[in-house]
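one predicted model, sequence on top.
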Amino acid sequence: MKSLNFGGLCLLLGVLVLEALVAEGFNYGDALDKTLMFFEAQRSGKLPANQRVKWRGDSGLKDGYLQGVNMVGGYYDAGDHVKFGLPMAYTVTMLAWGAIDFRKEITELDQMGNALWSIRWGTEYFMKAHTQPNVLWAQVGDGDSDHYCWERAEDMTTPRTAYKLDQNHPGSDLAGETAAALAASALAFKPYNSSYSNLLLLHAKQLFTFADKYRGLYDDSIQNAKQFYTSSGYSDELLWAAAWLYRATDDEYFLKYVVDNAVYMGGTGWAVKEFSWDNKYAGVQILLSQILLEGRGGAYTSTLKQYQAKANYFACACLQKNDGYNIQKTPGGLMYVREWNNLQYASAAAFLLAVYSDSLSAANAKLTCPEGQIPPQALLDFARSQADYFLGKNPKSMSYLVGYGQQYPIHVHHRGSSIASIFSLQSTVGCVQGFETWYRRPEGNPNVIHGALVGGPDQNDNFSDDRSNYEQTEPTLSGCAPLVGLFSKLQSVSETAGNYPKKAPVPRPTTPHSYQETQKTQEPYRSQEIPVEFLHSITKTWTVGPTTYYRHRVIIKNKSEKPIKDLKLVVEGLSGSVWGLNPTQQRNIYELPQWQKVLQPGSECSFVYVQGGPQAKVTVQSYN
């Protein structure tokens with residue numbers, strides 16, 4: 001057989017190894033990266049220079065102009081172009097919660113900069129919307145007229161009316177959720193920008209006071225929102241905001257608030273099987289259980305235990321351990337709550353259980369269910385089962401996260417995704433023309449909206465990839481937000497198990513990262529007893545917080561005149577992921593890909609790993 005270019009072949013084989021390993025499990029790090037891109041695709045306003053979603057342009061640059069207020073920015077809610085305050089604020093709260101509880105995991109994936117920017121795009125908008133202590137601009141755009149048009153955000157012709165809450169038009173639910181979002185975001189930003197964190201807290205406290213003092217449902221004040229995001233009540237948002245303010249400030253006033261109002265506002269009364277943009281009770285109950293498990297209950301411990309009992313109800317219902325009062329599941333194992341955009345409920349529940357699992361583990365505690373004591377790992381297993389369903393482990397073998405995997409929805413119900421980009425089709429696409437030319441076309445969307453979690457299948461796991469099937473093919477902010485924390489957590493534990501390789505991080509010069517390219521250095525390691533030479537090099541380095549990470553490349557070269565077969569390597573001191581080698585059943589022992597069992601004389605192959613600290617030590621265990 002003729003000799004081949006083994007350098008190029010090994011590079012190809014390394015890629016194939018990565019794909020093969022991902023096929024065995026799921027690359028949650030890649031899913032995380034795509035999810036964060038979805039939030040960039042939903043941005044309204046003037047887009048930044050480092051925008052990664054290149055088919056989007058500036059839009060909504062006069063939002064609030066007719067009302068004399070600057071409402072430029074924020075996020076479009078779903079496949080439409082209305083900026084609905086309640087689900088947007090919930091989205092930012094969930095993004096921040098992920099950045100707080102899974103800070104280490106997100107940072108290790110080199111995604112904290114992108115995560116903080118996804119939060120800040122919302123908080124900047126909320127602070128502009130909070131023009132006075134008792135005024136909050138709550139919505140931009142008219143849902144009815146917006147839904148009659150199919151056009152790009154860059155071409156919008158529908159009214160961009162802004163709606164506000166004030167003392168005479170209260171909205172305790174929306175103002176409370178916005179307070180929660182700003183308080184959680186303050187905690188997320190605190191290690192990186194303390195002055196910005198303090199500013200967020202100032203707005204959060206004022207909005208909580210406004211929400212609590214002037215009580216009412218926001219959709220009674222803003223009738224336009226009622227048919228799109230009807231609120232079932234505001235008591236949960238008031239408790240939610242107070243709980244987040246306590247966590248962000250350690251001010252006992254807020255902890256006393258959730259205790260004093262525990263019964264009146266339903267915090268210790270409502271046992272629920274849903275967590276969503278509208279119903280925050282399970283979130284409140286688990287958030288307060290975290291405080292209890294951290295030993296910070298003090299004089300309020302007995303009431304916090306009542307909150308925890310309801311948190312346990314939710315978790316046990318998800319695990320089917322709640323004495324028959326369990327969540328409904330599809331035959332394929334998906335949590336099922338509602339026909340319309342069901343995946344948002346499953347993503348939120350999975351995130352909550354991942355958070356609760358961590359807190360129980362840290363406290364060396366177990367989940368108490370009617371059917372017995374359940375270890376924290378069972379909660380994380382449920383969270384993983386839902387995430388895996390999203391990514392393709394389902395009866396349809398369909399990834400419901402757009403752009404991830406081999407098969408995903410291509411007829412997504414999303415205006416901007418379904419119409420050619422303004423940069424390629426520079427003529428205006430009108431309201432009716434959009435329906436006739438783009439909405440009804442049988443081809444897939446011209447723009448892939450990476451990271452969009454669509455509504456998902458029905459209660460029997462059936463799914464129709466049809467643009468007009470908005471119940472199943474429309475993505476939402478609220479459905480995607482919990483995925484940031486969820487995927488980062490699952491990636492961290494998957495790395496430990498050695499089954500799920502993470503995507504090599506792409507350093508970006510965004511807060512809080514600093515990035516520096518280094519010169520290539522080579523440190524050859526040679527042994528007189530074996531015919532293999534290892535060439536170590538550092539190809540890139542970057543700093544995240546106090547830790548410096550390195551991307552290492554190791555070239556394996558056959559320096560003998562004979563073929564080397566079945567080479568097995570010992571890799572010691574490896575703390576990160578490795579690409580281009582197959583793990584074996586033995587600890588720290590790796591082998592070349594199965595189709596690369598022979599290393600010809602003079603040829604070479606390479607593998608890559610990423611980690612902080614010193615380089616790994618590579619030696620040969622055996623060969624033929």
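Thanks, I have the structure now.

neighbours of P563, how many?
Burial measure for P563: 13 neighbouring residues, criterion other Cβ atoms under 10 Å. Quick note: C-beta positions are derived from backbone N, CA and C, even for glycine.

next up, the contacts around it.
Each residue near P563 by Cβ atoms under 8 Å, 6 or more residues apart in numbering is listed here: V598, L599, Q600, P601.

narrow the residues you listed to just the buried residues.
Applying a neighbour-count criterion of 16 or more other Cβ atoms under 10 Å, the buried members of the contacts of P563 are V598, L599.

lowest-confidence entry in the contacts of P563?
Scanning those for pLDDT, the smallest score is found at L599, 83.

hmm, that residue is touching L567, no?
Yes - with contacts counted by Cβ atoms under 8 Å, L599 reaches L567, the gap being 6.2 Å.

pull up the overlap in contacts between those two.
V532, I556, L592.

just those now: which is nearest A309?
Within the shared contacts of L599 and L567, the smallest distance to A309 is 54.1 Å, found for L592 (Cβ to Cβ).

residues contacting that closest one?
I556, L567, L581, N582, L599, C605.

which residues of the protein score low on pLDDT?
Of all residues in the chain, those with pLDDT under 70 make up the ranges 1-24, 495-529, 541-549, 594-595, 613.

looking at it, which residue lies furthest from center?
Among the residues of the chain, the one whose C-alpha is farthest from the average of all C-alpha positions is E561, by Cα atoms, centre = their mean at 51.3 Å.

helix, strand or coil for that residue?
Each residue gets one of three states, and E561 gets coil by DSSP: H, G, I helix; E, B strand; the rest coil.

in which helix or strand does the spatially closest residue to it that is not a sequence neighbour reside?
Counting by Cβ to Cβ, 6 or more residues apart in numbering, the nearest residue to E561 once its immediate chain neighbours are dropped is P601, at 5.0 Å. P601 is part of no helix or strand when elements are defined by DSSP states H and E.

that older thread, in the contacts of L592, find the pair that's most separated.
Taking every pair in the contacts of L592 and measuring Cβ to Cβ, the maximum separation is 14.4 Å, between N582 and L599.

need the strands for the stretch 51-200 of the chain, in chain order.
Assignment of strands within the stretch 51-200 of the chain using DSSP state E, counting those that start in this stretch yields the ranges 83-84, 136-140, 162-165.

can you list the ones you listed in TSV and add mean neighbour count?
Below are those laid out as TSV (neighbours: other Cβ atoms under 10 Å):
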stretch	mean neighbour count
strand 83-84	28
strand 136-140	27
strand 162-165	23
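
and of those, who's closest to C369?
Taking Cβ to Cβ, strand 83-84 is the member of these nearest to C369, at 36.1 Å.

what helices or strands is that closest one leaning on?
Contacting strand 83-84 under the criterion 3 or more Cβ pairs under 8 Å, 6 or more residues apart in numbering; DSSP states H and E are the following elements: strand 136-140.

what lines up beside the strand it packs on in the sheet?
In the sheet containing strand 136-140, the strands it pairs with under DSSP bridges are strand 83-84 (antiparallel), strand 162-165 (antiparallel).

A241 is nearest to which of these?
Each of these was checked against A241 via Cβ to Cβ, and the shortest separation belongs to strand 162-165, namely 14.4 Å.

now the closest one: how far from the chain's centre is it?
The chain centroid and the centroid of strand 162-165 are separated by 29 Å, computed with Cα atoms, centre = their mean, to the nearest Å.

export it as CSV, just CAs?
Extracted C-alpha coordinates of strand 162-165, given in CSV (Å, rounded to 0.1, in the frame of the first residue of the first chain):
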residue,chain,number,x,y,z
ALA,A,162,-45.1,51.7,23.7
TYR,A,163,-47.3,50.9,26.7
LYS,A,164,-46.5,51.8,30.3
LEU,A,165,-47.4,51.0,33.9
